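[1] Below is the structure, and that's it, no one-letter string:
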């Protein structure tokens, strides 16, 4: 029953006691009545005095016979004792011994209220007697950075509120124990030391109590801890490529069969991109794996490191993730050209690769489709600082009709392979005489390949008015540079 409800009967008794107050007033009146008989009683206690009084009264009666006038005061003197006597006779009748009973009734009511008040203020739970333990009580600094310690507070009651002074973290007990994990992930502790702390336990009906705790951090035993070897498949990769492929790694010198902890993060930050805490070591003491974006997909360009930690050895390697270049593209212009224009060295077809890595090789291959007397063209150039490489392809034979047909174009830029095509159509001058005219017109000039006209007709575009490169393959048939 709630305490407030339990107090209702006691309060009812107290109120009943207060209702008996008029009886106390009657008792006071009776007490005042007792005063007159008390005087008479005192007189009655001395018989001689009483007899003397009676004699005097008789003498007065005798005298009153002679002088009736003075006798009148006598009856006036007698009423007081007479009334007192009457009061004395009546007093026992009016006295009520039960008058104090309301006061007796009040006493239990007051005691009940006091008991209830004492019950209300008494603690409803046992005193707080918690204990604090730390596991491990002694830890080396590397293990502390990696694993930390576990603080256990026991001897609790459900709903106790426990605060850890090391972090300010607060937990509410669901049973008799509470645990806190504490480690130096920022690696602010860099030397051996004793760490003192306290936990505060709060219980609803008691004052908070504080309990001390302690653990010791020791230096790492570097004599047994050795630096091993760790190598990466590459030390530089674009962000997008890293997300697709990752970077393979391997290390040696570890304990065969042990489990190695591997982590990759950005230098100077807490941005971890890869964690594997169970990398198996082979029987040869070799550890291997692939750095992948296991912790986040939001990876920024920058300098990164890989750290592999075994029982007695650690290894580290650094790598760079670069910003993604714009995706390389191939432009073929025009897509359709008359044979006469194709055989014009000032026109022809322009092949351009954009957004390739500056300084990288760009390979162009032009292949005629179907049956053709023209063989494939293959040329490799170097991308300039803007990531661009271009080549202009045209024919030099006066027999332009031989170039009519469809051609496929392939350009390779790093790992990107780009494709395109163009068509050479017969026009008004198809079959006419253009170019150098150094052949009979019955067949294409031969340079060891039927595509020799195009090979000998290779020229590079001008970029910004500056010739970025000039490449020529002299025809085996003795074509002069003027035929370019």
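    Structure's in. What do you need? This structure is a prediction, so every number in the text was calculated from the model and none was measured.
[2] Run through the helices of this structure in chain order.
    3-18, 21-44, 47-66, 68-71, 73-77, 79-94, 101-121, 141-146, 239-245, 339-342, 452-456 (DSSP state H).
[3] what pLDDT, on average, does the second one get?
    Read that as helix 21-44. On average, the pLDDT along helix 21-44 is 37.
[4] for the last one, same thing?
    Per-residue confidence for helix 452-456 averages out to 32 on the pLDDT scale.
[5] Over to the third one?
    Taken as a whole, helix 47-66 carries a mean pLDDT of 45.
[6] Phi, psi for residue 294 please.
    Recorded main-chain torsions at residue 294 are phi -90, psi -20, according to degrees, to the nearest 10.
[7] switch to numbering from 712
    Okay, using 712 as the starting number, the last item reads as residue 1005.
[8] Distance of it relative to residue 1034?
    According to Cβ to Cβ, to the nearest Å, residue 1005 and residue 1034 sit 22 Å apart. C-beta here means a position set from N, CA and C on the backbone, and glycine is covered the same way.
[9] Neighbour count for these two, which is higher?
    Taking neighbours as other Cβ atoms under 10 Å, residue 1005 and residue 1034 compare with residue 1005 leading, 14 against 10.
[10] is the residue nearest to the more buried one when sequence neighbours are not counted in a bridge, and if so with what?
    Counting by Cβ to Cβ, 6 or more residues apart in numbering, residue 1005 lies nearest to residue 985, which is 5.1 Å off, once chain neighbours are set aside. Listed by DSSP bridges, the beta-bridge partners for residue 985 are residue 975.
[11] What are the neighbouring residues in contact with residue 985?
    For residue 985, the residues meeting the contact criterion (Cβ atoms under 8 Å, 6 or more residues apart in numbering) are 973, 974, 975, 1002, 1003, 1004, 1005, 1006, 1017.
[12] Please identify the member of the residues you listed with the greatest number of neighbours.
    Neighbour max across the contacts of residue 985 (other Cβ under 10 Å) = residue 975, 25 neighbours.
[13] Identify the residues contacting that one.
    983, 984, 985, 986, 1002, 1015, 1016, 1017, 1018.
[14] want to try JSON lines for these, with pLDDT as columns?
    Converted to JSON lines, the contacts of residue 975 look like this (pLDDT from 0 to 100):
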{"residue": "983", "pLDDT": "94"}
{"residue": "984", "pLDDT": "95"}
{"residue": "985", "pLDDT": "95"}
{"residue": "986", "pLDDT": "95"}
{"residue": "1002", "pLDDT": "96"}
{"residue": "1015", "pLDDT": "97"}
{"residue": "1016", "pLDDT": "96"}
{"residue": "1017", "pLDDT": "95"}
{"residue": "1018", "pLDDT": "93"}
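[15] any idea which of the residues you listed is closest to residue 1066?
    Nearest to residue 1066 among the contacts of residue 975: residue 1015, at 24.8 Å, using Cβ to Cβ.
[16] what's the spacing between the closest one and residue 950?
    Remark: distance between residue 1015 and residue 950 (Cβ to Cβ) = 11 Å.
[17] which neighbours do the two share?
    Common neighbours of residue 1015 and residue 950, using Cβ under 8 Å, 6+ apart, are residue 1032.
[18] higher neighbour count, the two?
    Taking other Cβ under 10 Å, residue 1015 and residue 950 do not tie; residue 1015 has more neighbours (24 against 16).
[19] how close does that one get to residue 979?
    In terms of Cβ to Cβ, residue 1015 sits 10 Å off from residue 979.
[20] what comes up buried for stretch 1023-1034?
    Residues of stretch 1023-1034 classed as buried: 1024, 1025, 1026, 1028, 1030, 1032 (neighbour count, 16 or more other Cβ atoms under 10 Å).
[21] okay, now the domains of the protein?
    Annotated domains of the chain cover 842-928, 940-1033, 1040-1136 [the TED database].
[22] most packed of these?
    domain 1040-1136 (a mean of 19; mean count of other Cβ atoms under 10 Å).
[23] what's the first-to-last distance across that domain?
    End-to-end distance for domain 1040-1136: 25 Å, by Cα to Cα, to the nearest Å.
[24] repeat for stretch 988-999
    13 Å.
[25] and if you look at stretch 926-939?
    End-to-end for stretch 926-939, by Cα to Cα: 31 Å.
[26] Would you mind giving the contacts of residue 975 as JSON lines with distance to residue 901 added?
    Formatted as JSON lines, the contacts of residue 975 follow (distance: Cβ to Cβ, whole Å):
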{"residue": "983", "distance to residue 901": "21"}
{"residue": "984", "distance to residue 901": "25"}
{"residue": "985", "distance to residue 901": "25"}
{"residue": "986", "distance to residue 901": "23"}
{"residue": "1002", "distance to residue 901": "27"}
{"residue": "1015", "distance to residue 901": "23"}
{"residue": "1016", "distance to residue 901": "19"}
{"residue": "1017", "distance to residue 901": "23"}
{"residue": "1018", "distance to residue 901": "17"}
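[27] closest to residue 867 among those?
    residue 986 (34.2 Å).
[28] Identify the residues contacting that closest one.
    Residue 986 neighbours (Cβ under 8 Å, 6+ apart): 973, 974, 975, 1005, 1006.
[29] Roughly how far does it sit from residue 1019?
    Counting by Cβ to Cβ, the gap from residue 986 to residue 1019 is 12 Å.
[30] One more: residue 1097?
    Using Cβ to Cβ, one gets 41 Å for the distance from residue 1097 to residue 1019.
[31] Let me know the pLDDT of the nearest residue to residue 923 once chain neighbours are set aside.
    Spatial nearest neighbour of residue 923, excluding adjacent residues (Cβ to Cβ, 6+ apart): residue 909 at 5.2 Å. Model confidence at residue 909, given as pLDDT, is 96.
[32] Just list the residues touching residue 909, thanks.
    Contacts of residue 909 by Cβ under 8 Å, 6+ apart are 876, 921, 922, 923, 924.
[33] What ranges in this protein fall below the confidence cut-off?
    712-835, 932-936, 1082, 1086, 1139-1195 (pLDDT under 70).
[34] Tell me, how many residues neighbour the nearest residue to residue 964 once chain neighbours are set aside?
    The shortest distance from residue 964 to any non-neighbouring residue, by Cβ to Cβ, 6+ apart, is to residue 939 (3.9 Å). Other residues within reach of residue 939, judged by other Cβ under 10 Å, total 18.
[35] overlap in contacts of residue 986 and residue 1019?
    residue 973.
[36] Against residue 988, how distant is the nearest residue to residue 991 once chain neighbours are set aside?
    Residue nearest to residue 991 in three dimensions, not counting chain neighbours: residue 970, with 6.3 Å by Cβ to Cβ, 6+ apart. Distance from residue 970 to residue 988, counting by Cβ to Cβ: 8 Å.
[37] partner residues bridging residue 937?
    Bridge pairing for residue 937 (DSSP bridges) gives the partners residue 1024.
[38] check contacts around it.
    964, 1023, 1024, 1025.
[39] distance of it from residue 1026?
    Taking Cβ to Cβ, one finds residue 937 at 10 Å from residue 1026.
[40] what is in contact with these two at once?
    In contact with both residue 937 and residue 1026: residue 964, using Cβ under 8 Å, 6+ apart.
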